[in-house]
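Participant: no sequence for this one, just the structure:
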């Protein structure tokens, strides 16, 4: 691995952190990159889980509304049928 640091102070700080951890410069940088990548992955998965929960709630609300609409439509059809029967009975009399 070729490690180039344009800023000598940055390289010195990273080397000091690696020495403090007791690992090589390369191992320290790879560990930091891995930690960063897994943190990003964890953040993404958490956000995705929250999004799925919101979507599930929205679909559940839509399904409840569809059931309510269906029940209302059934009630409307029954009422219309009753009115038509009453109207037909009125003409028959």
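Facilitator: Cool, got the structure. Model, not experiment: these values are computed from the prediction. Residues are numbered from 1 along each chain as shown.

Participant: so where's this structure uncertain?
Facilitator: 1-3, 63, 65-68, 91-93 (pLDDT under 70).

Participant: where along it do the helices fall?
Facilitator: With helices called from DSSP state H, the chain shows them at 8-21, 25-92.

Participant: want to throw these into a markdown table with mean neighbour count?
Facilitator: Just so you know, the C-beta spots here come from the backbone N, C-alpha and C atoms, and that holds for glycine as well. Output for these, formatted as a markdown table (neighbours: other CB atoms under 10 Å):
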| stretch | mean neighbour count |
| --- | --- |
| helix 8-21 | 12 |
| helix 25-92 | 10 |
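
Participant: Now do the most centrally placed residue in the chain against residue 6, distance only.
Facilitator: Against the mean C-alpha coordinate of the chain, by CA atoms, centre = their mean, the closest residue is residue 51 at 1.7 Å. Distance of residue 51 to residue 6, given as CB to CB, to the nearest Å: 39 Å.

Participant: go on, residue 74?
Facilitator: 73 Å.

Participant: Residue 69 now?
Facilitator: With CB to CB as the criterion, residue 69 and residue 6 are 64 Å apart.

Participant: cool, and residue 49?
Facilitator: From residue 49 to residue 6 the distance is 39 Å (CB to CB).

Participant: same deal with residue 54?
Facilitator: Counting by CB to CB, the gap from residue 54 to residue 6 is 44 Å.

Participant: Same question for residue 39.
Facilitator: The gap separating residue 39 from residue 6 is 25 Å, by CB to CB.

Participant: Please apply the same query to residue 75.
Facilitator: 74 Å.

Participant: and what of residue 86?
Facilitator: In terms of CB to CB, residue 86 sits 90 Å off from residue 6.

Participant: Same check on residue 58?
Facilitator: From residue 58 to residue 6 the distance is 49 Å (CB to CB).

Participant: now residue 45
Facilitator: Taking CB to CB, one finds residue 45 at 34 Å from residue 6.

Participant: Over to residue 40?
Facilitator: Using CB to CB, residue 40 is found at 24 Å from residue 6.
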